[in-house]
Structures are given as C-alpha cells and as structure tokens.
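Student: Based on what follows, work out the 3D shape:
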Amino acid sequence: MYPDIETTIATILAGAHEVTPLDQLRAKVAKAHAKQRPLRIKVGIDPTTPDVHIGHLVPYGKMRQLQDLGHIGVVVIGNYTARIGDPSGRDTTRQALTAEKVDENGRLYMDQLYKVLDRDRTEVRYQSEWYDKFDLAATLRLLQEVTVAQMMQHETFRSRYENNLPLGLHEMCYPVLQGYDSVVIEADIELGDPSQKFNILVGRDLMERHGMEGQIALLMPVLAGTDGVEKMSKSLGNHIGVLFGPEEQYGRAMSIPDQVMENWYMLVLGQSGAALAATREKIKADPYAAKRALAEAIVRRFHGDEAARAAAEDFRKKFSERTLELENIPTAPLSSFDPPTATNIIATVFKMSRTDARRLVKQGSVKLEGEKIDDAETPLARAGVLKVGKKLWVRLT
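Tutor: Predicted coordinates for the structure are as follows:
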C-alpha cells in the first residue's frame, strides 16, 4: 500500500527549487496511486571523479525521502555521457574519460551514494545497457527527433556559438543521450539541480515523442559551500567529502557561516515544515549550538553515532578547552564595547589600528570559540574566547 497522494506531493515539493510542469504533478502522482505502483524517480550521474561531496548528495536526499514512501530510485550511470562531458555552465570542452575509468568511478560513486540511498529500493542502470546496442542507423533515428534550433536554446551552447568558441556536434548530443535514458527506464520524475533543467526537459520531450507520458523535472537548490558564498566544489576547496574522516567533516561543518545553516539543515539533513521552522528558531537563539548539532548529524550519517560523539569531543578539546586553559588571557565584558564588533574589540584590547583589525577579519584570522568571524562590523551576539591571529586571545564575558 502506497502513501496517500497528498503525502507524496508534499514530500516532492518540500525544499524544491522548481517543479516543472507543476500543474501536471498531481495527475501523475494520482495515476500511480490508482494503479498502486511506485513512482520511478531518476537521477543521472556522470562519474567523472571517484569521490563524492555532500553537495552532490542533495538530489539523493530527496530520492531517499521518496524511497521511504515506497517509491523506486533509479540511478543512471552515465558511462556514455561522461565520455562527452556535460557542457552545462562551461565555456570550454571538458576532457573525455575512458570507458574503463568511467566504469570504475561509477562503482566507487555508488558505494558512497548508499550512505544515503536505500539499497533495496534503488535500481542502478548503466547507459551501456542500451547504447552498446546502438548502430549508426539507430543513432541517426534518435538525433532526428531534436533540432539544432532546439539545442541552441541551451544557454551554454548559444553563448559559445555567439562568442566563436569551440562547440562540437558530439557535445550537442549530450542532452539527447541523457533524455533518451528517461525513455528507456520509464522515468516519472527526474531530479537535478537548476542547471540540469534543459536536459531534463529534453528527456520529457523525447518521452512524449515515443508515446509516453513525459517526466516531471524536480530541481533541487544548490548547496552553498563551507565559505557560504560559492557552490560547493572540490576545485574551490569549500566541500565536505563523503570519504572524509569524522574529525575533518565535523571541523569543516563548524566553519560554515551562520547565514547558510538553514540551507544546510534543509538540503543536507532534509528538514522541512515544522522541523525546519523549529530549527530556524534554534539558530536565532543559539547559532553555535545549532551548528554543533548540524556538524554532529553530518558525521553521524556517514560514520555512526560513536564517531559523531568522538568528533564533537575532539573539536571541543581543540578549540574550547585549549583556549580556556591558556594563562593570562585578558577578560572583557561585551557590554564595554559600543558596539561590540570585532573591529572595536581588537582595536581596543590589543591597541591595533582599526584598519589592521579589519584586515585580520578579512583574512579569516579572527575566531570566536573556533568559529571564524566573517564580518568585522557586525556586533558579536555571544560570549567566548576570541582568538586574533596565532597568539592573541581575549575572553569575552
């Protein structure tokens, strides 16, 4: 027995960036419910590298929520599209990988995805199942179902063409190959981030051309990295890897700015509705405690309860006890600074210029209880040990 229609729809919409076409979602869910069949939720991956960070896991978190309702997650390993390289958001051609490397990465990728997904409700499919059988005639029949004009609606293709940058015909096949995957696996919903919208809608169009009901595009927001500014990325170093050890996962989670915590609770831990509203209030009341809870939950997901507790204790010893045990730390009440900004505190306590104080904050050299201060002019809302550079400390009361 599958859950009622409203529960499934609410789960799909919770935390989503966009659902397209939204007006057809209810009808699709209702049809599946009437037949008592699970929805088939698709995510396609190009395993261009063997390691996964938690930003990659956002759509799989949504897939797991739907698996917990009885639906099926279908992970398509793009061992053909990875040989092209998804051009989305890129101005240059991405280096293609060998088939052997893609397959190896795909196996390692799935080992990490199962940290989130339910193995029993996950169907893993490789594009080689169908594309290995394609001859030239079948390829041409597929390509005739799309037009160059349609492909030129892709922002990256259009931009590269208009700027006289290299644009290979093989790259324009990428959305078609990804789209045909949906035809083969009979997807009801395809998950992705907003940059994947074009490709997912090509899949919807191909399904309709094949006499099928088109899939729904379920686009999830992008997870901000540990810097709180850029999209989480290994190349930027603002990521938390699934394979990172407990202490590193915990420490990196504790470094995120307060303003992205709600985003992380929603996208990493899958909170929504009343639970997210309660978390929002906790963040306002005590952001440091909320961040500790977030960091511990992340470590618990990948390493278990004991490792999460140990990582929290390790962090406390390194960044709290050590500072408190230092002798001769000056003490100052927050109320003695008007306002109690990092600039005012540093300039007053350590007799620095305000310019030097701001520079230290900008460099990331100022931390309160191990948490980096990002804004030199925002009043500090809580007491604790303020570390300035490598050798200066003040205990704020």
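
Student: Lowest mean pLDDT among the helices and strands of the protein, which one is it?
Tutor: Least confident helix or strand of the chain, by mean pLDDT, DSSP states H and E, is helix 322-325 with a mean of 50.

Student: what helix or strand does Arg395 sit in?
Tutor: strand 392-396 (DSSP states H and E).

Student: Parallel or antiparallel, which strands does that strand pair with?
Tutor: With DSSP bridges as the test, strand 392-396 is paired with strand 331-332 (parallel), strand 384-388 (antiparallel).

Student: which residues touch the longest one?
Tutor: Counting by C-beta atoms under 8 Å, 6 or more residues apart in numbering, the neighbours of strand 384-388 from elsewhere in the structure are 288, 320, 323-324, 329, 342, 345-346, 350, 360, 365-370, 380, 393-396. C-beta coordinates here come from the backbone N, C-alpha and C atoms, glycine included.

Student: now these: which count as buried?
Tutor: If you count burial by 16 or more other C-beta atoms under 10 Å, the buried members of the contacts of strand 384-388 come out as 288, 323, 342, 345-346, 350, 360, 366-370, 380, 393-394, 396.

Student: quick one: contacts for Gln127?
Tutor: Residues near Gln127 by C-beta under 8 Å, 6+ apart: Val76, Ile77, Gly78, Asn79, Tyr80, Thr81, Leu177, Asp181.

Student: what about Asn199, how many residues close to it?
Tutor: Applying other C-beta atoms under 10 Å, we find 24 residues neighbouring Asn199.

Student: Report pLDDT for the residue lying closest to it once chain neighbours are set aside.
Tutor: Nearest in space to Asn199, with sequence neighbours left out and distances taken as C-beta to C-beta, 6 or more residues apart in numbering, is Pro175 at 4.4 Å. According to the prediction, Pro175 has pLDDT 89.

Student: Please report how far Asp356 lies from Leu386.
Tutor: Asp356 sits at a distance of 15 Å from Leu386 (criterion: C-beta to C-beta, to the nearest Å).

Student: Tell me where the stretch 151-300 of the chain has strands.
Tutor: Assigned by DSSP state E, counting those that start in this stretch, the stretch 151-300 of the chain shows strands spanning 189-192, 216-219.

Student: can I get those in CSV with distance to Ile72?
Tutor: Listed next are the strands of the stretch 151-300 of the chain as CSV, based on distance: least, C-beta to C-beta, whole Å:
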stretch, distance to Ile72
strand 189-192, 11
strand 216-219, 15
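
Student: Please identify the most buried of those.
Tutor: Of the strands of the stretch 151-300 of the chain, the one with the most neighbours on average (mean count of other C-beta atoms under 10 Å) is strand 189-192, at a mean of 26.

Student: Remind me what it packs against, helices and strands.
Tutor: Secondary-structure packing of strand 189-192 (3 or more C-beta pairs under 8 Å, 6 or more residues apart in numbering; DSSP states H and E): strand 40-45, helix 58-67, helix 197-209, strand 216-219.

Student: Any idea which of the ones you listed gets closest to Gly237?
Tutor: Closest to Gly237 of the helices and strands packed on strand 189-192 is helix 58-67 (C-beta to C-beta; 19.0 Å).

Student: Name the next helix or strand following that closest one along the chain.
Tutor: That would be, after helix 58-67 and using DSSP H and E, strand 72-77.

Student: Can you give the contact residues for that next one?
Tutor: By C-beta under 8 Å, 6+ apart, strand 72-77 touches 38-45, 47, 60, 63-64, 66-67, 102, 106, 109-110, 113, 117-118, 121-127, 181, 185, 187.

Student: And Asp356 and Leu386? Which one has more around it.
Tutor: A direct count of neighbours by other C-beta under 10 Å for Asp356 and Leu386 places Leu386 higher, at 23 against 13.

Student: where exactly do the helices run in the stretch 151-300 of the chain?
Tutor: Counting by DSSP state H, counting those that start in this stretch, one finds helices in the stretch 151-300 of the chain at the ranges 155-162, 169-172, 174-185, 197-209, 246-254, 261-267, 273-285, 287-303.

Student: re the thing from before, if we compare the strands of the stretch 151-300 of the chain, which one ends up closest to Glu313?
Tutor: Closest among those, using C-beta to C-beta: strand 189-192, at 36.4 Å.

Student: Parallel or antiparallel, which strands does the closest one pair with?
Tutor: Sheet partners by DSSP bridges: for strand 189-192, these are strand 40-45 (parallel), strand 216-219 (parallel).

Student: Let's have the strands of the stretch 151-300 of the chain in a markdown table, adding distance to Met266 and mean pLDDT.
Tutor: Listed next are those as a markdown table, based on distance: least, C-beta to C-beta, whole Å; pLDDT from 0 to 100:
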| stretch | distance to Met266 | mean pLDDT |
| --- | --- | --- |
| strand 189-192 | 15 | 96 |
| strand 216-219 | 14 | 97 |
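
Student: can you tell which of those strands is closest to Ala30?
Tutor: Checked against C-beta to C-beta, the stretch from these lying closest is strand 216-219, at 12.8 Å.

Student: contact partners of that closest one?
Tutor: By C-beta under 8 Å, 6+ apart, the list of residues contacting strand 216-219 reads 12, 16-21, 24-25, 28, 41, 62, 188-194, 196-197, 200-201, 204.

Student: Can I have the buried ones of those as a PyMOL selection?
Tutor: With 16+ other C-beta under 10 Å as the criterion, this PyMOL line picks the buried residues out of the contacts of strand 216-219:
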select buried, resi 12+16+19+25+28+41+62+188+189+190+191+192+193+196+197+200+201+204
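
Student: just the helices in the stretch 1-150 of the chain please.
Tutor: Using DSSP H, counting those that start in this stretch, helices in the stretch 1-150 of the chain cover 5-13, 25-34, 58-67, 99-113, 128-131, 136-143, 148-151.

Student: how much space is there between Arg160 and Leu167?
Tutor: Taken as C-beta to C-beta, the span from Arg160 to Leu167 is 5 Å.

Student: Next, count neighbours for Val76.
Tutor: 24.

Student: List of residues touching the strand holding Arg395?
Tutor: 323-324, 326, 329-334, 340, 345, 349-350, 368, 380, 383-388.
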